[in-house]
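Chemist: need the 3D shape of this:
(one chain, ligands or ions: 2)
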Amino acid sequence: MDSIPCALTIAGTDPSGGAGIQADLKTFQELTVYGMSVITSVVAQNTTGVQNVHHLPVTMINEQLNSVISDMPVHSIKTGMIANKDMMQVIAEHLSKSVVNYVMDPVMVATSGDPLISEDARSFLKQQLLPLATVVTPNIPEAQYITGQSIDNTSDLQEAAFEIVKSFGARAALVKGGHLQGKAVDYLYDGNKLYTFEAERFQTKNTHGTGCTYSAAITAHLSKGLPLYEAVKQAKQYVTAAIQYSFSLGAGNGPTNHWAVRKERVEQ
Ligand SMILES: Nc1ncnc2c1ncn2[C@@H]1O[C@H](COP(=O)(O)OP(=O)(O)OP(=O)(O)O)[C@@H](O)[C@H]1O
Ligand SMILES: Cc1ncc(COP(=O)(O)O)c(N)n1
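Modeler: Numbering: from 1, shown residues only. Ligands and ions are numbered 1, 2, ... in the order given. Below you'll find the model as predicted:
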């Protein structure tokens, strides 16, 4: 491996800086990983919701991928918002040739409730992209869509993690319990073992970009060569601190705080 760990995010943008490409690059930077990005859609959004979306032509997404892959070392890849099936097809072609870890955040809807991908993209994601993933990181609505089962408690979360690996072909599934009550519990199933990651729940509405931050932190740790369990463990610590100290910025759901982890490290 080259001396500098390098990670690539393929996702949409957030000009307010809380989610999407911007959240991913902040996370990579904070975790001392060299960050690179391929933009799928330019999204006019902020803490209150999505105002407009402009999808880049598929040829442009393909060319961005070629530019990065032909020249730069890529030690891990994450995908976030991929709005339509055509985009997914071209991204899947690149991913199927790649041998590096692939973290799939199956982004479907923003925290604000605005849909971010089309119906046909959802089904393509489930059938074609999921089997390529080293780990997929659905929240509850996304895990419900993938499995077709409702998730009301932690035992349903565990079942969903098993199901996504056994029936849908992801190598591992991290099903996130952020949308339940009580402790913030997530389950990772890697085909052999089920792991539990538990943290205190903070009473805050400022959760814009938590899913992006978490999956980007996992990607960063994987590009440093950490095994999956350790990468998720450290990423959970990162996202928990980023939520604990999240910013009350904007009129809606404020963003996560990427300095929080550094601040905690300094204070220890
Ligand atoms: N209020 C909270 N306090 C502590 N941890 C939380 C809180 N809300 C969510 N989490 C944790 O944050 C991570 C992201 O989980 P969540 O289920 O919210 O993902 P998501 O829905 O994809 O995020 P997003 O809000 O960006 O769409 C998980 O580890 C979850 O347990
Ligand atoms: C470009 C982009 N990607 C992902 C999300 C989801 O993040 P969240 O659910 O936290 O709003 C988003 N809002 N925008």
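Chemist: now stretch 95-103, how far from the centre of its chain.
Modeler: 15 Å (C-alpha atoms, centre = their mean, to the nearest Å).
Chemist: Val90 against Glu63, yeah?
Modeler: No: with contact defined as C-beta atoms under 8 Å, Val90 does not count as touching Glu63 (10.0 Å). For glycine as for every other residue, the C-beta is placed from the backbone atoms N, C-alpha and C.
Chemist: up against ligand 1, what does the stretch 101-250 of the chain have?
Modeler: The stretch 101-250 of the chain comes close to ligand 1 at residues 111, 139, 176-179, 184, 186, 199, 201-202, 204, 207, 209-212, 214, 236, 239-240, 243, as judged by C-beta under 6 Å from any ligand atom.
Chemist: which of those fall in helices?
Modeler: 210-212, 214, 236, 239-240, 243 (DSSP state H).
Chemist: are any of those residues buried, and which?
Modeler: 210-212, 214, 236, 239-240, 243 (16 or more other C-beta atoms under 10 Å).
Chemist: quick one on the thing from earlier: which one's more surrounded, Val90 and Glu63?
Modeler: Val90 (16 against 13; other C-beta atoms under 10 Å).
Chemist: please give the element, helix or strand, for that one.
Modeler: helix 85-97 (DSSP states H and E).
Chemist: residues of that helix that come out buried?
Modeler: 85-88, 90-92, 94-95.
Chemist: what's the closest of those to ligand 2?
Modeler: Met87 (12.8 Å; C-beta to the nearest ligand atom).
Chemist: about what we covered before: contacting residues around whichever helix or strand comes after the helix holding Val90?
Modeler: Sequence-wise, the next helix or strand downstream of helix 85-97 (DSSP H and E) is strand 101-104. Here strand 101-104 makes contact (C-beta atoms under 8 Å, 6 or more residues apart in numbering) with 75-79, 95, 129-130, 132-137, 170, 215, 218-219, 222-223.
Chemist: per-residue confidence averaged over strand 101-104?
Modeler: The average pLDDT within strand 101-104 is 98.
Chemist: swap in stretch 131-144?
Modeler: 96.
Chemist: any low-confidence regions in this structure?
Modeler: Across the chain, the ranges flagged by pLDDT under 70 are 1-2, 263-268.
Chemist: quick one: the residue of the stretch 1-150 of the chain found nearest ligand 1 from Ile146, how far?
Modeler: Nearest residue of the stretch 1-150 of the chain to ligand 1, counting by C-beta to the nearest ligand atom: Asn139, 3.3 Å away. Applying C-beta to C-beta, to the nearest Å, the value for Asn139 to Ile146 is 11 Å.
Chemist: since that was my last question, I'll sign off now.
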